[in-house]
Structure formats: C-alpha cells, structure tokens
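Undergrad: sequence and predicted structure below; questions after.
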2 protein chains.
Amino acid sequence: MKEIGIGLLGFGTVGAGVVRGLQENGDVLAARLGVKPVLRGIADIDIKTDRGVSIDPAILTTDAGLVIDNPNIQIVIELIGGTSVAKDFIVRALERGKPVVTANKALLAGHGERIFGLACEKNVDIYFGASVGGGIPIVRALREGLIGNRIKSIIGILNGTCNYILTRMEQEHLHFEDVLQAAQAEGYAEADPSLDIDGLDTAHKATILASLAYGTMLPLDSVYVEGIRGISDADIEYAHDCGYRIKLLAVIKYRDDKSRSIDVRVHPALVPLHHVLASVSGAYNAVMVRGDLSGDTLYYGRGAGREPTARAVIGDVADVVRNLVGNSPCRVPPIPAFGSKVSLCSMEDVETRYYLRLLLHDSPGVFARIASVLGAHGISIASILQKEGRVGEYVPIVIVTHNAFERDLNAALAEIGSMNVVGAETVRIRIQE
Amino acid sequence: MKEIGIGLLGFGTVGAGVVRGLQENGDVLAARLGVKPVLRGIADIDIKTDRGVSIDPAILTTDAGLVIDNPNIQIVIELIGGTSVAKDFIVRALERGKPVVTANKALLAGHGERIFGLACEKNVDIYFGASVGGGIPIVRALREGLIGNRIKSIIGILNGTCNYILTRMEQEHLHFEDVLQAAQAEGYAEADPSLDIDGLDTAHKATILASLAYGTMLPLDSVYVEGIRGISDADIEYAHDCGYRIKLLAVIKYRDDKSRSIDVRVHPALVPLHHVLASVSGAYNAVMVRGDLSGDTLYYGRGAGREPTARAVIGDVADVVRNLVGNSPCRVPPIPAFGSKVSLCSMEDVETRYYLRLLLHDSPGVFARIASVLGAHGISIASILQKEGRVGEYVPIVIVTHNAFERDLNAALAEIGSMNVVGAETVRIRIQE
C-alpha cells in the first residue's frame, strides 16, 4: 500500500494522542483511505520524557525545521500551540507547499488572515478542525456541511473548564473559588486558569466560528469578552428559580437588517432549563447553529482532552491525504466565502433580555424608584423575584427584563449604582433564549 | 462564472425546498464553490401543481429519462422515494457516469449493496446525507469526520413523528391514540402512520448508519424492530418516577469481544432524564456516536421537513460539484471500509437493563413468586415501584432490573405470563443508559 509521510510538531498530550491514534487505528484508517499515513518525524523541545507511546527514537528531533523540510514528509501537524514559533513553523510548511493540520486556536484567531491568505496563495491545504470543540466536528460542519445555508446564529458552550465549574457549582451548591481549586486539583483547570475562566479561550474559538460563517477573519479584540469569575452560587440558584441555568456562551448573531452586521460576544448567560444547551453538563461542549435552511442543528461532545482532539486532528489528516491522493489541494477553501461584507455591531447595540440582582434598602418606595429608572430608560420588567431574608438592612431582589439595548441597560445601571438605597453593585447577566 | 447543470427527479415537498434553496442561496453557494449550480431539468409525474416556487416551465417534464440523459445535466438529485422507479433512475444515472444525490433511505436500506457497488464500479459519486437525520450532518460525520475512529455505538432518535408523539404524551398526559390523531391533523404524522410509528423508518436509517460505521450493508430484515404503539401514558409516568423518559431509539452496538459482532435494533427505551438524548423533544432528531477516540459526540436538529432535508441535499450537491471540479470522483467511498468483517448478534444475545410493569393479584406472597422466577433466570432486581391504588383485585408493580440477557428475560416473562396471579401481559421496555 502507498504511504504518506506525516510530521508532528509538538509532542505534548494531544501530540501523544495523535501518535497513539495513528498506531491503534492505522489499519482502519489505511483501509478507509487506500493509503497508509506513516509518522516519519516528531519535533519537540523535550524529546526525553516518556509519553507512554512507543516510537522509533530516530524520528525524534528538537529541530522542527528538519521535520518540515524532510522530503519524505508530505503533511505537517502543528500541536505546539501559542503564537510565536508555531506561526513560523506553519508559515514555513505552507511556503514549502506542505499542507498543515493544526489545533492552534490562539494563532488562527490572532493571525488567521495571514495564514489562510498564504495557504490560498500557495494553493496548499490548512485544516483546523481541532481548534474548536475538540471531538465535535463543528468546523467541518460550517466549512462543508452547512455551506448551502446562510448562518443566522451560532451559540456555543466552548470551554469545558468553565462548564465543569458552573455545573459543579450548581449541582453541589459550592462557591466559585472552591470549585476552581478542586478543578485544578483534578486537572480540569490549569494552574493559571485565566485563559479559560476569563473567557479568552472561548473568544478565540468564537472568532474562528464567526469567520467560518461570515467569510472574513474578525479582529479578536472586537469580541466582547466577560468570564465567569463574577458568577456567584446565589445567582445560579436565583436563575434556577426563574427557570434558567447559567452557562458561559459564545454568541454570534447575524442581523438580517440593513446593517448586515454581526455581533460576536462571550459572556455568562441564563439559558432556559428546557433548552438543549442547558442539558450540556460537566466538561462537555456544544454548539447550536441556526441556518436559514437547516434550522437549528446542535453538535455536542468532549471539547478538549487528548483523545477527542486527536480524533479531530486525524480526521483532518484523512482529508488532506484524500486531497493529496486526488491531486485536489484547497478543495475546500480555509474559510467559506460569504458573498458580501459584514460589519461588526458594537456591544452597545446588542439587544437582549437581562437578569439583574440588586441589593436594595428594605424601606417603602425603594423598588418603585428602581422600576422608574428602568422604565425611564425604556427597560420593561418581565418578572420579579424577592425571597424572604435580609442582608443587614438590605434585601436581594432579582429582576428579569424584556428585550432591551445594552446601551440603555448600561445607562440605567449607572443611575441605579449612584442611588443611596443600593447596597452593592448590581449583578447583570444576559439571557439567551 | 462556470456553471454545472443539476437535474431533479421528484418535485414534491423536499424537491420544492431544494429548488427554493438553490434559488435563494444560489449566490452564496456559487461564491463558496467558485462554480454556479444551475437547475436544468425537473421530472415528476405531476408537473401541473403549483409548488410555490417560480421556475421556467420549459425545464419541467414527466420523463425522468430526459433529465438523466440531458448532456447539460451533470448531477442528478433523486427525491422520488420508494424502491421501484427511483432505483431504476439512480441506476441509469450512475451507468451514464452521472453522480447522484439522494434522500432515499428505504432504497439504500434495501438495495444499498447494489447501488453502492455500481457507483464504485463506475467511479461515480453517490451522496445520501439527506437519507438520515434531515438537517443533521450525521452521514457526513460517519463518512468523513469520524473515520479515524472505530465506532463503539450509535444511539439515535431518528423519527420525528414518534418523538413528537412521545413528547406530547408525556407533557400533556395524553393517550397514544389521541396524540396520534392530533399529530395527523397537524401534519406531524402521515395518514398511514405505520412506517413511522411501527419503527420501520427508524430501521431504514439504522441500517444505513450501521453500514457507514461497519463497512458493510446489513440486511434490513436482520434488524429487530419494535414501534411505539404499545407505549401507554402509564408507562411514561412510571418511567418518569424512576428517573427516565421513553424514546424510540435506534441502537447500534459493537461488541469488542471475540465475537466481533454488532447488534442493530429499534425499540422504545427508557433513557435517564439527565441524559442529553432525554432532552430531545418534539419533532427533533438526535444521534449519539461513541468513537474510541472521539468519545461521545451528539448531533441534533430537525430530522425531517422541507428546509432541513433540502439543506442536506444542497450540502451533498456542493460536495459533488467540488469533486467534479477537482476531477476527483469517489473521493470518499459510499461506505467507509471497516477492515474486518462484522457479524450480526442475535436479539437473544443482547444484554441490557429492563423496565417491567406487571399487574399482580393483591395477595400475600405473590411478589415473592415473581421475584423468584426472575432470580431463577439470573435476573437481578435493581428497584421496585408500587404506588397506592388497585385495578380490581390487581395492583400494578414496576420492576427495574440490572443487566440481563434478552434470552433469559424472555424465558422469565413466558413463565410469569402463565402464572394465575398475573392479571395482564407484562410490559417490557428496555433501558438505555
């Protein structure tokens, strides 16, 4: 059987998973492809540590250039991560006409335009199915399966760490900090968890998904990002009482009006308990895509981890192998065209419902004053929840609003914040129906 | 821009959806593909009825042969359905070297081996993403995205009519017959609903999914099929009390033991309430795939209907267009190889947990006799539920068992059925954890 040489840059957890996957499922993969992918080079700065997979030491090197330039290697897998050397190596591979498979979301979110442009210029494939959603073929769905659609919205739970933390907070009635520490001890959260819990990882992925849907790389810093540090167990409980569950969401929405704009944002949101996204618990990810023809489709699975990510990488390798065998590189462009230019909608123009938790002085007429501030800003109240119990002289009150503009809500909250009957900063969480 | 001619056989609901989809999204599709798919022929026995889409009457014909043989048509879409003329037309197109896109699950489930064999022999594409799951790209996932995996199991809610009926029975505490009639009135069920509610439609789809996962077309009559006619509102309620929801499932499982066999079955099953599949309500479909690398991934969306099915057809057309443009027909074989032969496991060898509802005479020692029959057949009881209330001299009792073999359960139920303390046939529903 004909062979195709594979080179791997980055021999970490996922890299070892790819090696093992190619070893264990190499036979079924070869049977399905008609050619045999053979690993011919692995580069990493650390080539000593045992990764629990047996490989020929002769293919190990600390020099990535040797792997990229090896004439017996036709496909380069980049699993180094980060935006420095990984970028140089990908550029080098593409410039030499070698297709690249990568899981590097930070790099694509920050430098996608350059990398995708180079791939198109050189007529070389770049596949990145593992960059979003790990085991979930969401990149493939947007790049291929759904291309007959205009995408109206994408709503995703894209960070397993955050979803794990929120799930445990709800199920075990725990505080954020306690669950975070437990998650770190169990390996569900990094020692420095900020990339995950402050939402940047989700923003990287949202940028990539938005680009796939709307045909243009969006600047990462145009994405509104808010993480889950501010979520308290009280909010989780109140949300539940109101029929919602709190999830960290990436929200991408196309406004089918004259503006032709999209909004891309990452923030915690209340999701109705009966919504499928509400049933996504633990370290799982899910993405709901609304297309004009397909309606709602949802993709669910493990969003990270060695095996699921390796699955995505190997699936991409299979595609690249087919394109090489069929001599049809760039069969699918890195990012599907959208046909027209979309602009980004500012966060102030976003319209949504809100959950507000206020701490108000327990005296007559206070609530009426709050309600009149909201009303003056055009914000209409859908429901109010006040339970028995006081915090000193104050009582917590939860308000769920009808649709309102972020601009108006901000103005109302600023006004409310300056009132002397308010005992603490008002908590504001958006609602995603 | 270069054009590619499309011919459509069958101008029904889905056919009209494809026409509309190609019209409305033709620009974005052309931008994404670099060539423009143009509809050049539509054949149907009825070319008079207005389908609500405007087309050039000159492309309408009652003679499918004219469409298939038209030298300006490069791709044939078959949406006639059924196993008679549709088969002849597909065979004719493939024999003339024209790629085919079809949604015909009954045909593929019954004659897939012949049709796929012909496509391979002629080196012509056949795509059938719309045959299972409508808007859900599950065929694509199994054919392409997951090919680096060995599939361990596929569990699916594949019939929207059944899921709609079961959802309404549960939510509104209604009887099966009443919901069925309402569903028929609303267009959610056919006038002759047997194909859906007796499970055959699900079996067609299960056969196709099993074939995709295990590389060989399975005989349709080897699939165990049980529909939802026997599901009572009482069972739905008892199931809920035990922490489960009843769904009609397709279950495909690979036994990773010496037997290398799979079991493929369609039957109602109790799914734990916290399971994602339990949250799939109404006319939606969902498929959970367990791969050795990917872990569990789930695909969810509208399983039928004009737009979602049209989306799947157009997505397949896009693939075929790319293969034609890149001159790489059969880039992906109709069914991925599995590398080794799998055999079918008999229903008697299936091992699962069971929900049993018995009607027992309300007298001392009766339950002990039932329990001892179960015990004698190696069936262990996990939980028992008896509520207040009698039916004449009888009381209903629900038993949930631990894992047991179908063979042993059948023998135990036969024995129980012959006991004079049993007031009605015992209801047996399998449990899918």
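TA: Here it is on my side, so go on. Numbers count the residues shown, from 1 in each chain, chains lettered A, B, ... in the order given.
Undergrad: what parts of the stretch 51-200 of chain A come near chain B?
TA: Contact residues (Cβ under 8 Å from any Cβ of the partner chain) of the stretch 51-200 of chain A with chain B: A:129, A:135-137, A:140-141, A:144-150. All C-beta atoms are positioned from the backbone trio N, CA, C, and that covers glycine.
Undergrad: which secondary structure state is assigned to the residue of chain A most remote from its centre?
TA: In terms of distance from the mean C-alpha position of chain A, A:Pro364 ranks first, at 45.6 Å (Cα atoms, centre = their mean). Taken by DSSP: H, G, I helix; E, B strand; the rest coil, the conformation at A:Pro364 corresponds to coil.
Undergrad: and it, how far is that from A:Val421?
TA: Using Cβ to Cβ, to the nearest Å, A:Pro364 is found at 11 Å from A:Val421.
Undergrad: one more: A:Gly215?
TA: Applying Cβ to Cβ, the value for A:Gly215 to A:Val421 is 50 Å.
Undergrad: what's the answer for A:Ile80, then?
TA: Distance of A:Ile80 to A:Val421, computed by Cβ to Cβ: 55 Å.
Undergrad: A:His173 too?
TA: Taking Cβ to Cβ, one finds A:His173 at 30 Å from A:Val421.
Undergrad: and these two? Which one has more around it.
TA: The neighbour count for A:His173 versus A:Val421, taken as other Cβ atoms under 10 Å in any protein chain shown, is higher for A:Val421 (18 against 10).
Undergrad: the residue lying closest to that one once chain neighbours are set aside: what's it in contact with?
TA: Leaving out its chain neighbours, the residue that sits closest to A:Val421 by Cβ to Cβ, 6 or more residues apart in numbering or on different chains is A:His361, at 4.1 Å. Residues near A:His361 by Cβ atoms under 8 Å, 6 or more residues apart in numbering or on different chains: A:393-394, A:420-423.
Undergrad: filter these to the buried ones?
TA: A:394, A:421-423 (16 or more other Cβ atoms under 10 Å in any protein chain shown).
Undergrad: ok so, going back, dump the residue contacts of the residue farthest from the centre of chain A.
TA: Going by Cβ under 8 Å, 6+ apart, the list of residues near A:Pro364 is empty.
Undergrad: torsion angles phi and psi at it?
TA: phi -60, psi 140 (degrees, to the nearest 10).
Undergrad: now the strands for the stretch 251-400 of chain A?
TA: Here the stretch 251-400 of chain A has its strands, by DSSP state E, counting those that start in this stretch, at A:261-272, A:284-291, A:295-302, A:343-344, A:351-361, A:381-385, A:394-401.
Undergrad: do the stretch 51-200 of chain A as well
TA: With DSSP E, counting those that start in this stretch as the criterion, the stretch 51-200 of chain A has strands at A:60-61, A:75-78, A:100-102, A:126-127, A:151-157.
Undergrad: mind putting those into CSV with mean pLDDT?
TA: Below are these laid out as CSV (pLDDT from 0 to 100):
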stretch, mean pLDDT
strand A:60-61, 98
strand A:75-78, 98
strand A:100-102, 98
strand A:126-127, 98
strand A:151-157, 97
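Undergrad: now do the residue lying closest to A:Ile42 once chain neighbours are set aside, the pLDDT please.
TA: Spatial nearest neighbour of A:Ile42, excluding adjacent residues (Cβ to Cβ, 6+ apart): A:Leu8 at 4.6 Å. Predicted confidence (pLDDT) at A:Leu8: the value is 98.
Undergrad: likewise A:Val85?
TA: 96.
Undergrad: the residue of the stretch 101-250 of chain A found nearest chain B: neighbour count?
TA: Going by Cβ to the nearest Cβ, chain B is nearest to A:Gly148 of the stretch 101-250 of chain A, at 3.3 Å. Here the number of neighbours of A:Gly148 (other Cβ under 10 Å) works out to 29.
Undergrad: how does chain A divide into domains?
TA: Chain A breaks down into these domains under automatic domain parsing: A:3-137+A:306-325, A:139-302, A:347-431.
Undergrad: quick one: closest of the ones you listed to B:His204.
TA: Each of the domains of chain A has some distance to B:His204 by Cβ to Cβ; the shortest is domain A:139-302, at 21.1 Å.
Undergrad: just the element for A:Gly17, please.
TA: When secondary structure is defined by DSSP states H and E, A:Gly17 falls within helix A:13-24.
Undergrad: so A:Glu425, which of the three states?
TA: Each residue gets one of three states, and A:Glu425 gets coil by three-state DSSP.
Undergrad: what's the burial count for it?
TA: Neighbour number of A:Glu425 under other Cβ under 10 Å is 13.
Undergrad: okay, the residue nearest to it when sequence neighbours are not counted: pLDDT?
TA: Leaving out its chain neighbours, the residue that sits closest to A:Glu425 by Cβ to Cβ, 6+ apart is A:Gly417, at 6.5 Å. pLDDT for A:Gly417: 96.
Undergrad: how about A:Gly315?
TA: 93.
Undergrad: over to the one 3 residues further on?
TA: For A:Ala318, the pLDDT comes out at 94.
Undergrad: now do the one 10 residues further on
TA: The pLDDT attached to A:Ser328 in the predicted structure is 90.
Undergrad: contact partners for it?
TA: Here A:Ser328 is in contact with B:322, B:326-328, B:331 (criterion: Cβ under 8 Å, 6+ apart).
Undergrad: which one of these is nearest to A:Asn410?
TA: For the contacts of A:Ser328, the minimum distance to A:Asn410 (Cβ to Cβ) is 46.6 Å, reached by B:Arg322.
Undergrad: touching, the closest one and B:Leu29? I think so.
TA: No: B:Arg322 is not in contact with B:Leu29 according to Cβ atoms under 8 Å; the separation is 11.5 Å.
Undergrad: those two: which is more packed in?
TA: Higher neighbour count among B:Arg322 and B:Leu29: B:Leu29, with 25 against 20, using other Cβ under 10 Å.
Undergrad: measure that one to chain A for me?
TA: B:Leu29 sits 6 Å away from chain A, going by Cβ to the nearest Cβ, to the nearest Å.
Undergrad: and that residue, what is it in contact with?
TA: Neighbours of B:Leu29 in contact, by Cβ under 8 Å, 6+ apart: A:147-148, B:22, B:36-37, B:314, B:318.
Undergrad: which helix or strand contains it?
TA: Assigned by DSSP H and E, B:Leu29 belongs to helix B:26-33.
Undergrad: what strands flank the following helix or strand past that helix, and is each parallel or antiparallel?
TA: Downstream of helix B:26-33, the next assigned helix or strand under DSSP H and E is strand B:36-43. Strand B:36-43 sits in its sheet next to strand B:3-9 (parallel), strand B:60-61 (parallel), going by DSSP bridges.
Undergrad: got a markdown table for the domains of chain A, with distance to B:Val179 too?
TA: Below are these laid out as a markdown table (distance: least, Cβ to Cβ, whole Å):
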| stretch | distance to B:Val179 |
| --- | --- |
| domain A:3-137+A:306-325 | 34 |
| domain A:139-302 | 19 |
| domain A:347-431 | 31 |
